[in-house]
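*Asks:* Take this sequence and fold it.
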Amino acid sequence: MPKATENIPAPVLNVKSALTTAGVEDTVRIFETHVPTAAAAATVLGCDVAAITNSLIFELDGGPLLILASGAAKVDTALVATQLGTAKIRRATPDFVLQHTGQEVGGVAPVGHPAPIRTILDASLQDHPVLWAGAGDHHSMFSITYQELARITGAEELRVR
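*Replies:* Residues are numbered from 1 along each chain as shown. Here you go, the predicted model:
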């Protein structure tokens with residue numbers, strides 16, 4: 001008989017492990033349908049798109065920068081760069097994202113990466129009592145509070161738009 005975890009992709013198992021290691025409940029939900037965008041996830045979950053936490057990887061000085069932004073927000077990279085005191089933040093390539101997160105674009109989670117990533121948390125997300133974030137692939141999401149997300153990611157809170 002196969003183990004329950006045999007059908008769960010490794011990136012999702014990494015997220016589940018990261019959540020429990022951080023002392024938060026494993027709320028990962030796996031869906032039959034793809035949820036690679038904030039709009040798709042909000043539809044499946046029946047929540048406001050603004051409560052979806054997009055995990056966006058950017059390149060900053062050759063390394064990864066993770067911006068956790070509301071699904072309703074378009075990140076203003078110039079504003080973020082100014083607040084961080086750097087010249088430019090670039091959108092990362094899919095290969096760069098996979099290399100640094102172990103997860104594919106559209107399924108990147110805030111946690112479960114091979115190594116810690118500097119993280120920015122969109123301050124507007126605190127307006128929602130429950131947030132939903134990608135859980136490592138295109139079929140998985142997990143719920144969490146803003147405070148817990150900030151704690152487990154060690155994120156810097158900033159305005160991103």
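*Asks:* From here on, just use CA atoms for contacts and neighbour counts.
*Replies:* OK.
*Asks:* all helices of the chain, in order?
*Replies:* Taking DSSP state H to define them, one finds helices in the chain at 10-21, 38-45, 77-84, 94-101, 146-153.
*Asks:* Could you list every helix and strand in contact with the second one?
*Replies:* With contacts taken as 3 or more CA pairs under 8 Å, 6 or more residues apart in numbering; DSSP states H and E, helix 38-45 sits against strand 52-60.
*Asks:* rerun at 6 Å
*Replies:* Using 3 or more CA pairs under 6 Å, 6 or more residues apart in numbering; DSSP states H and E as the contact test, no helix or strand touches helix 38-45.
*Asks:* now the longest one
*Replies:* For helix 10-21, not one helix or strand is in contact under the criterion 3+ CA pairs under 6 Å, 6+ apart.
*Asks:* picking up where we left off before, what's the closest of the helices of the chain to residue 131?
*Replies:* helix 146-153 (6.8 Å; CA to CA).
*Asks:* got the buried residues for the closest one?
*Replies:* By neighbour count with 16 or more other CA atoms under 10 Å, helix 146-153 contains the buried residues 146, 149, 150, 152, 153.
*Asks:* Output the below-cut-off pLDDT ranges for this structure.
*Replies:* Residue ranges of the chain with pLDDT under 70: 1-6.
*Asks:* burial measure for the nearest residue to residue 40 once chain neighbours are set aside, as a count.
*Replies:* In this structure, residue 40 finds its nearest non-sequential neighbour in residue 34, 7.6 Å apart by CA to CA, 6 or more residues apart in numbering. By other CA atoms under 10 Å, 16 other residues sit near residue 34.
*Asks:* now that we're looking at residue 34, how far away is residue 43 from it?
*Replies:* 11 Å (CA to CA, to the nearest Å).
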